[in-house]
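Asks: model this:
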Amino acid sequence: MSEPILLETSEGIALITLNRPGKLNALNYALIDRLMAVLDAIETDAAVRAVILTGAGERAFSAGADIHEFAGSVRLGRERAVQDFVRRGQAMTARLEAFRKPVIAAVNGLAFGGGCEITEAVHLAIASERARFAKPEINLGMPPTFGGTQRLPRLAGRKRALELLLTGDPFSPEQALEIGLVNNIVPHQALLPAARELARRIIRHSPLAVGSVITAVTRGLNMAIAEGLQVESEQFAALVPTGDLGEGINAWIERRPPVYRGS
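Replies: All right, here's what the predicted structure looks like:
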């Protein structure tokens with residue numbers, strides 16, 4: 001059997017590919033577990049500064065959960081279904097959302113169900129003109145379970161999110177852009193180059209500062225403003241003794257490009 005996750009690293013960017021093209025990159029348990037292991041490995045790899053996440057093949061980013069496998073867990077009862085499916089999927093999207101290095105989804109095709117929830121959770125997303133999105137869980141008699149009932153309303157607003165969640169109707173990349181699910185739409189052949197260019201625009205900056213921004217935004221969204229401001233203050237305070245902050249200030253004063261060391 002082929003590896004469910006492919007990993008390539010070059011120029012400080014890790015390209016992670018969901019690799020079940022014959023199943024439209026459906027998220028079975030083995031794929032999710034392997035994705036989590038890969039994230040663990042690259043998080044501590046100083047050579048990796050940013051992550052691009054995409055799908056194998058020409059048809060799908062990910063068509064969502066592997067329904068046949070999920071159905072087996074459901075037949076085993078409530079506790080098993082929650083443990084196998086819900087907790088595993090929520091842990092995956094939470095991991096992506098809180099990852100200290102920027103994660104960019106390159107949505108190359110269908111992003112249905114869990115594939116859409118991954119897109120909601122990652123920090124940035126670029127869609128191919130061929131991308132198609134949907135929240136089809138309602139057609140199975142269930143709500144989304146990988147965070148879709150929580151993240152989509154935060155991105156799109158309550159009423160727009162509820163229309164998508166309650167109808168299950170597919171929507172276009174243009175609508176995904178309008179509601180804030182993706183940052184940009186590009187021609188299909190330009191998708192990975194566009195994602196790499198976005199990653200390069202980020203990794204020219206201090207990795208410590210990038211991580212601090214991600215943490216402050218991700219944590220702050222779920223807090224009252226006063227608590228969020230405290231997180232912002234804490235993230236800045238942690239940077240004060242680092243060489244990166246001193247280098248950034250000195251480079252600005254000396255009118256030269258900074259050289260960051262991530263420490």
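Asks: how about the strands in the stretch 1-150 of the chain?
Replies: Using DSSP state E, counting those that start in this stretch, the strands assigned to the stretch 1-150 of the chain run over residues 5-10, 13-18, 50-55, 60-62, 103-107, 110-112, 124-128, 132-134.
Asks: and the angle for the third one with strand 13-18?
Replies: Put plainly, it is strand 50-55. For strand 50-55 against strand 13-18, the angle by axes from the mean of the first three to the mean of the last three CA atoms, to 10 degrees is 20 degrees.
Asks: quick one: strands adjacent to strand 50-55?
Replies: strand 13-18 (parallel), strand 103-107 (parallel) (DSSP bridges).
Asks: same question, the first one
Replies: Based on DSSP bridges, the pairing partners of strand 5-10 within the sheet are strand 13-18 (antiparallel).
Asks: including mean pLDDT, could the strands paired with strand 50-55 go into CSV?
Replies: CSV is the format used below for those (pLDDT from 0 to 100):
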stretch, mean pLDDT
strand 13-18, 98
strand 103-107, 98
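Asks: if we can go back for a sec, could you say which of the strands of the stretch 1-150 of the chain is packed most deeply?
Replies: Most buried of those, by mean neighbour count (mean count of other CB atoms under 10 Å): strand 60-62, with a mean of 29. Quick note: C-beta positions are derived from backbone N, CA and C, even for glycine.
Asks: and the helices in the stretch 1-150 of the chain?
Replies: In the stretch 1-150 of the chain, the helices defined using DSSP state H, counting those that start in this stretch lie at 29-43, 67-75, 78-81, 87-98, 114-121, 148-156.
Asks: which stretch among those comes nearest Thr242?
Replies: helix 29-43 (18.4 Å; CB to CB).
Asks: and the closest one, what's buried?
Replies: By 16 or more other CB atoms under 10 Å, the buried positions in helix 29-43 come out as 29, 31-32, 34-36, 38-39, 42.
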